[in-house]
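Q: sequence and computational prediction follow.
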Amino acid sequence: MAYIERAITPVIQKRVSSSKCLLLTGARQVGKSTLVKHVFPDYHRANFDDRLTRLQAKEEPKLFFLNNPRPLFIDEVQKENSILEEIKLIIDESGKRGEFILSGSQKLELMKGMSESLAGRVSVLELSGLSLREISGVSFNRHFVPTADYIDSREKELVPYSDLWEVIHKGSYPELYDTERDWQDFYSSYVSTYLERDINELISADSLTFTKFMTAVAARTGELLNYAHIAGEVGVSEPTVKKWISVLERTGIVYILLPYSASALARAIKTPKIYFRDTGLACYLTRWLTADALKNSAVAGSMFETFVVSEILKSYSNAGKDYRFSIFYYRGKDKSASGENEIDLVIEENGVLYPVEIKMTGNPKANMGAANPVLDKIPDKQRGMGVILCLIDKKTYLRENLVALPIGYI
């Protein structure tokens with residue numbers, strides 16, 4: 001199998017050389033173990049998916065570290081958080097850099113253990129599925145923020161994406177790109193493994209009901225998060241849906257996009273939106289079995305938006321950036337407008353707010369950015385260039401402060 005070079009590699013190498021301990025998070029099968037083994041072949045490896053290894057780490061930690069000398073890579077470390085206290089003692093005594101690399105697929109749970117045991121000692125990075133840049137061999141690795149400098153730099157490495165819907169339907173898991181693995185077989189196995197290894201440890205629910213719940217959420221990707229509607233469809237309580245959504249988020253299956261909040265936007269809707277992190281998995285769960293069927297379906301627009309949002313998030317995590325405090329959306333009723341205004345994404349950087357619209361069209365119009373002026377109300381912030389990410393074939397200015405960009409600019 002051919003190894004696909006990951007964009008985050010230079011960031012990981014730098015963090016390992018400068019940090020006492022590195023934590024690499026991400027959903028199952030995004031390539032965490034493969035990446036570490038490829039970039040750091042000299043590291044010893046312990047996998048906490050193995051029960052005997054976990055048992056020794058828990059009951060005889062000193063013996064565990066004799067059998068697993070440093071530098072050490074511990075995979076699925078969240079399955080035995082007690083080892084973190086031992087790691088803390090070792091790195092405090094040693095003072096060396098890069099002795100431990102940890103990985104796991106339950107980010108929020110991992111972070112809890114990290115904050116208790118390794119605060120100030122661990123560098124945290126997130127690995128997502130393959131990005132369009134990685135699939136196409138593009139070396140450009142800056143996070144997406146539509147400044148003039150970014151756009152000019154990105155133009156130097158543009159490649160055509162003629163098979164975009166094939167990629168949206170296939171998804172971003174590396175195994176689907178370096179083998180001839182059957183699409184349905186992969187996702188069927190993925191869901192089964194996810195339910196068996198992750199869900200059984202986090203909740204008590206039968207697999208059929210939880211799969212039905214995942215399907216209901218996948219059908220709502222790109223929409224406002226309505227717990228009551230999902231609960232009614234699945235036949236469980238609203239508190240149960242909230243708990244299960246949290247599980248999907250912490251295991252990297254979904255992303256919760258928060259609304260932009262500012263006192264000047266009093267009419268803004270405060271409900272978050274929910275996005276699947278992988279469009280291939282969302283397509284599998286909602287039974288869109290071919291790229292052509294998806295492209296011509298009623299859900300094509302929401303899947304396209306989900307894909308674009310995921311690509312933007314990947315651009316941040318691959319550059320070692322935390323997107324949680326930089327990317328939002330806006331929806332609300334402005335006094336100057338009779339209807340509801342929406343901005344698909346609001347990207348904030350250095351006090352500037354960049355409104356981004358995501359449209360599945362090859363013929364963007366200037367009125368698609370009609371809601372952008374609402375951001376002018378926010379004190380101490382400036383409104384930057386507005387962008388419409390769409391299926392147009394070249395960069396096109398619709399106004400001085402509004403530009404339509406092909407997806408290749410992400």
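A: Thanks, I have it. A quick note: this is a predicted structure, and the numbers were derived from the prediction, not measured.

Q: what about K242, how many neighbours?
A: 13 (other Cβ atoms under 10 Å). (Glycine included, C-beta is placed from N, CA and C.)

Q: apologies, that question was intended for L176.
A: So L176, with other Cβ under 10 Å, has 21 neighbours.

Q: what does R324 give?
A: 12.

Q: please confirm that it is located within a helix.
A: No. Counting by DSSP: H, G, I helix; E, B strand; the rest coil, R324 is not part of a helix but coil.

Q: could you measure from it over to V124?
A: 12 Å (Cβ to Cβ, to the nearest Å).

Q: ok, now I407?
A: 29 Å.

Q: following the helix or strand where S115 lies, which helix or strand comes up?
A: Applying DSSP states H and E as the criterion places S115 in helix 107-117. As assigned by DSSP H and E, the chain's next helix or strand after helix 107-117 is strand 122-126.

Q: which positions within stretch 79-94 qualify as buried?
A: Buried positions in stretch 79-94, judged by neighbour count with 16 or more other Cβ atoms under 10 Å: 79-81, 83-84, 87-88, 90-91.

Q: list the contacts of that stretch.
A: With contacts defined as Cβ atoms under 8 Å, 6 or more residues apart in numbering, stretch 79-94 is touched by 20-21, 48-49, 54, 57-58, 61-62, 64-65, 70, 74, 77, 99-100, 102, 104, 113-114, 116-118, 121, 201.

Q: so L66 sits in a helix?
A: Yes. L66 sits within a helix when classified using three-state DSSP.

Q: quick check: the farthest pair among the buried residues of stretch 79-94?
A: K79 and I91 (20.4 Å; Cβ to Cβ).

Q: CA atoms only for the helix or strand where D185 lies - export them in CSV, please.
A: Using DSSP H and E, D185 falls within helix 183-194. The C-alpha coordinates for helix 183-194 follow below in CSV (Å, rounded to 0.1, in the frame of the first residue of the first chain):
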residue,chain,number,x,y,z
TRP,A,183,-16.8,1.3,-0.3
GLN,A,184,-19.8,-0.4,1.3
ASP,A,185,-17.6,-3.1,2.9
PHE,A,186,-15.3,-0.4,4.4
TYR,A,187,-18.1,1.7,5.9
SER,A,188,-20.0,-1.4,7.1
SER,A,189,-16.9,-2.6,9.0
TYR,A,190,-16.2,0.9,10.2
VAL,A,191,-19.6,1.3,11.8
SER,A,192,-19.4,-2.1,13.4
THR,A,193,-15.9,-1.5,14.8
TYR,A,194,-16.9,2.0,16.0
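
Q: among the contacts of stretch 79-94, name the buried ones.
A: Applying 16+ other Cβ under 10 Å to those flags 20-21, 48, 54, 57, 61, 64-65, 74, 77, 99-100, 102, 104, 113-114, 117-118, 121 as buried.

Q: give the buried residues for the top strand by length along the chain.
A: Longest strand in the chain, counting residues (DSSP state E): strand 341-349. Buried residues in strand 341-349, counted by 16+ other Cβ under 10 Å: 341, 343-349.

Q: let's have these in JSON lines, adding pLDDT.
A: Output for the buried residues of strand 341-349, formatted as JSON lines (pLDDT from 0 to 100):
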{"residue": "N341", "pLDDT": "84"}
{"residue": "I343", "pLDDT": "94"}
{"residue": "D344", "pLDDT": "96"}
{"residue": "L345", "pLDDT": "97"}
{"residue": "V346", "pLDDT": "97"}
{"residue": "I347", "pLDDT": "98"}
{"residue": "E348", "pLDDT": "96"}
{"residue": "E349", "pLDDT": "95"}
